[in-house]
Structure formats: structure tokens, C-alpha cells
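[1] pasting the structure only:
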């Protein structure tokens, strides 16, 4: 396949970036990250994910990165970043590198890394791995097939089958387009630190996926792999809703020449009636809980009990949980917090 439009357009070259990026110390201390999107105030689900990403890194005296995933210019707000930093410090969850104190592997905000993502995209274009997708939203619905089990729509590769001449003509005409990565028809698997073996055939289960949107914003899958690869992140801990993204990210790590990190996925924290949490759930907003009289130690104690780290709810400091963290004790199914559990006596 020919990926038109790459090679020499971007001022940065991925090979040069990788060559000039320092290497982490070659010890056995892991490098992890907490990478929130500043699109709202954080809730208990965010704290749950941050705590469980922080603990295994601190248990092995590793390096923790706070990376701000603010690629979406319409939804990311500085005030959410400010509140996030304040909340994490209040909880006692610290880090070693961030956008403000810096570090050797910055910038640490995705909005400052767009040229780096474009260099990675150019590298994939030069290798013939990507193609422009001109499909509108309506065409995408018509050109996709739902996955039998969960109803997720899988792109069927309509624009992949366009000839090189047609692609060039449409690009030269300025037709609005995204960029997609062609995926191989084979099994990709990994051993998850919490759930064990996981396998996926990307051609069947996800299809060719986006690397940029039609407005030019780089997609999550590309940005997160470039960031983790260049920052030397070797332990990724996050919610189980991102488990099916992992084979795609492993494939991108391979294509771009990055070391593949270990992955650990944790069950989701849900609200009443197993409702998925969002930043619109005011009852579980950290500021709401704080105003209701919850202390940082009480919030951490509630989450630690739900995670199986302590036998029963009791106030606890974040650092008191480091030695008791164990992947073996983590639940495998999603966890619910009832509204009644959040009522202060």
C-alpha cells in the first residue's frame, strides 16, 4: 500500500527524535504514568485508576510521570489541569516528572508534542502502512460492520481499496480526510498483569483504525504509543475498558521501533446500578466529596477496600498501601460504589 503525503513535509524526523532522546537507566525499576485528559473535574473512577497505577511503580521505587493528554482543543481546559494537580497532591499521589518541573523526556503535555506525532505519522506513511480515509460519518456507518458480540462497528477498509491515483487526486483537491493504519490479519496477544492472557485478531475485531481525525488532531492510539515509547514507559496500568486497545498499541510499538511495555488493566469503578462513571457524575466528583467532609485518607481507604488491599474500610494514607499492593488481590470484575456508601455518618 502507498501512503501518500508523507516524507519530508514535517520538520522533525522520528529517527532523529529517537536518536536524540536519552535512555532510561537500565535497572529493574519500572517507569509508569498517570495520563489524564483535562476535560472535566476528576471523580472517584479517575482516583481509582491513578492509585492503582501509582502503587506498583512506587512499590518497586520506580519513576512516575504525570502526562497531560490534552490533544482535544475543544474540550481540554487549563482549569481542569489545575484542579487535577491540586487533587492528586491532596490525596498524596506524587510523581517525578510533569509539564512544570520538567524532565529529560518532555514535553509532558500532548498539546506540545504535535510535531512529534506528525513525525511518527510520516514514518508510517513512508513505510506504506497508512492511507487517507475520505469517508463521512454517514459513509462510515454504512461501510462498517458490527462486531457480533458487542455491536462495535468495524471499519471494512473501503478507502484502503482506492487506487493510488484516486487518492492523490482527492488529496490534491483538498478533500477532507483522516489517516488510518492498515492492520494485519493475525492474532496479537499479551499477558496482562491482572487478567492474564489476552488475544485479538485486529482485522476481525477492530479493523483499520484512525491515526488522525479529519480535523488533523492526532488520535489517541498514535499519541499514547509515541509518548510511552519516547518517555521510556515500561509499565502501563489503566482501566479494563482499554484492554482491547492494547494489541493495536503493541502493533504500533513494533512498527515505530519502540520497546513494548508490560500492561496491567484494572476493573472499572462504577456507580449506582453499575452505571459507568463520567465527569458529569457530581456525586462522585472529588470536590463534592471533599465538601461533604470526606478526607483524603477516607477516600483512599474506601478505594483500597474495594481493591482488596485492606480487609475493611478504614482511613489510610497512600504510602501505607504501597507494601500491601498485590496484583493477586485485585478483583477481576468491575466494582460498584453505592450512593449509600458515600453518605457521611
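    Yep, that arrived. None of the values given here were measured: they were computed from a predicted structure. Numbers count the residues shown, from 1 in each chain.

[2] alpha carbons only for contacts and neighbour counts from here, please
    Will do.

[3] As a check, name the ranges of all strands in this protein.
    Shown for the chain, the strands assigned by DSSP state E span residues 31-34, 63-66, 130-133, 144-146, 153-155, 178-181, 187-192, 196-201, 209-212, 235-239, 262-266, 269-270, 335-336.

[4] Please enumerate the helices of this structure.
    14-20, 44-59, 78-91, 114-126, 137-142, 164-172, 202-205, 220-231, 246-256, 286-291, 296-306 (DSSP state H).

[5] on that earlier part again, which of the strands of the chain has the highest mean neighbour count?
    Most buried of the strands of the chain, by mean neighbour count (mean count of other Cα atoms under 10 Å): strand 130-133, with a mean of 27.

[6] Low-confidence stretches in the chain?
    1-11, 142-152, 273-283, 345 (pLDDT under 70).

[7] picking up where we left off before, could the strands of the chain go into a markdown table alongside distance to residue 164?
    Shown next, in a markdown table, are the strands of the chain (distance: least, Cα to Cα, whole Å):
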| stretch | distance to residue 164 |
| --- | --- |
| strand 31-34 | 40 |
| strand 63-66 | 42 |
| strand 130-133 | 10 |
| strand 144-146 | 22 |
| strand 153-155 | 20 |
| strand 178-181 | 14 |
| strand 187-192 | 29 |
| strand 196-201 | 27 |
| strand 209-212 | 19 |
| strand 235-239 | 38 |
| strand 262-266 | 38 |
| strand 269-270 | 47 |
| strand 335-336 | 49 |
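
[8] Tell me which of those strands lies nearest to residue 322.
    strand 63-66 (13.7 Å; Cα to Cα).

[9] Leaving aside the residues adjacent along the chain, what's closest to residue 157?
    What sits nearest to residue 157 in space, not counting adjacent residues and going by Cα to Cα, 6 or more residues apart in numbering, is residue 208, at 6.6 Å.

[10] residues contacting the one you found?
    Counting by Cα atoms under 8 Å, 6 or more residues apart in numbering, residue 208 touches 155, 156, 157, 180, 181, 182, 183, 202.

[11] Out of those residues, flag the one nearest to residue 237.
    Nearest member of the contacts of residue 208 to residue 237, counting by Cα to Cα, is residue 202, at 21.5 Å.

[12] Double-check that closest one against residue 186; I have them as touching.
    Yes. With contact defined as Cα atoms under 8 Å, residue 202 and residue 186 form a contacting pair (7.1 Å).

[13] So for the two, which residue has more residues nearby?
    residue 202 (23 against 11; other Cα atoms under 10 Å).

[14] and that one, how far is that from residue 189?
    10 Å (Cα to Cα, to the nearest Å).

[15] For the two, list the residues in contact with both.
    Counting by Cα under 8 Å, 6+ apart, the residues touching both residue 202 and residue 189 are residue 247.

[16] about what we covered before: ok, which of the helices of the chain comes nearest residue 268?
    So among those, helix 44-59 is nearest, using Cα to Cα, at 7.2 Å.

[17] Residue 120: what's it in contact with?
    13, 14, 226, 256.

[18] how deep is the first one tucked in, by neighbour count?
    When neighbours are defined as other Cα under 10 Å, residue 13 has 18 of them.

[19] Sweet, I'm off.
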